[in-house]
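Colleague: need a 3D model of the following:
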Amino acid sequence: MTAKAKTLPYRSHDEATIASFRDDPAFAAEYLNAILEDGGQPELLIALRRMAEAFGGVSKLAQTTNLNATTLYRTLSPRGNPELKSLRALLKAMGMRLAVQPVRVRGARRLQAAA
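Modeller: Below is the predicted model of the structure:
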């Protein structure tokens, strides 16, 4: 009798998140926006690592962005500190962009230009 490889009845949270990003880039963008709004740098780097995996891996993204793969691995490491230039290039390679939106606060008045 030959032994068949068992498939696991589950997948890890990371695997499920990466698959979701790969299948639905709009979800990936929403996820990243939520982290930018409420999270810190460690959460942002985790999300970017997962997104990099979903969009072809760091090596492929390094080629697409013309960034050094070793530098990109370091940038996305838990101790990484991405430069704006690298972040913009990485997001562009994933079909996304960085944008600024006004914060809507209930009852807040708009700042008026000094006369």
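
Colleague: any idea how far the residue nearest the centre of the chain is from residue 104?
Modeller: Note on the chain: the residue nearest the mean C-alpha position is residue 48, at 2.9 Å, using Cα atoms, centre = their mean. The gap separating residue 48 from residue 104 is 26 Å, by Cβ to Cβ, to the nearest Å. C-beta here means a position set from N, CA and C on the backbone, and glycine is covered the same way.

Colleague: poorly predicted segments of the protein, please.
Modeller: Low-confidence segments of the chain (pLDDT under 70): 1-8, 106-115.

Colleague: in terms of helices and strands, where is the residue nearest to the centre of the chain?
Modeller: helix 41-54 (DSSP states H and E).

Colleague: tell me what that helix is packed against?
Modeller: Packing partners of helix 41-54 (3 or more Cβ pairs under 8 Å, 6 or more residues apart in numbering; DSSP states H and E): helix 13-23, helix 25-38.

Colleague: dump those to TSV, plus distance to residue 70 and mean neighbour count.
Modeller: Below are these laid out as TSV (distance: least, Cβ to Cβ, whole Å; neighbours: other Cβ atoms under 10 Å):
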stretch	distance to residue 70	mean neighbour count
helix 13-23	22	15
helix 25-38	24	14
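
Colleague: nearest to residue 60, out of those?
Modeller: Among the helices and strands packed on helix 41-54, helix 13-23 comes nearest to residue 60, with 12.7 Å by Cβ to Cβ.

Colleague: check which helices and strands that closest one sits against.
Modeller: Packing partners of helix 13-23 (3+ Cβ pairs under 8 Å, 6+ apart): helix 25-38, helix 41-54.

Colleague: fine, thanks again, bye for now.
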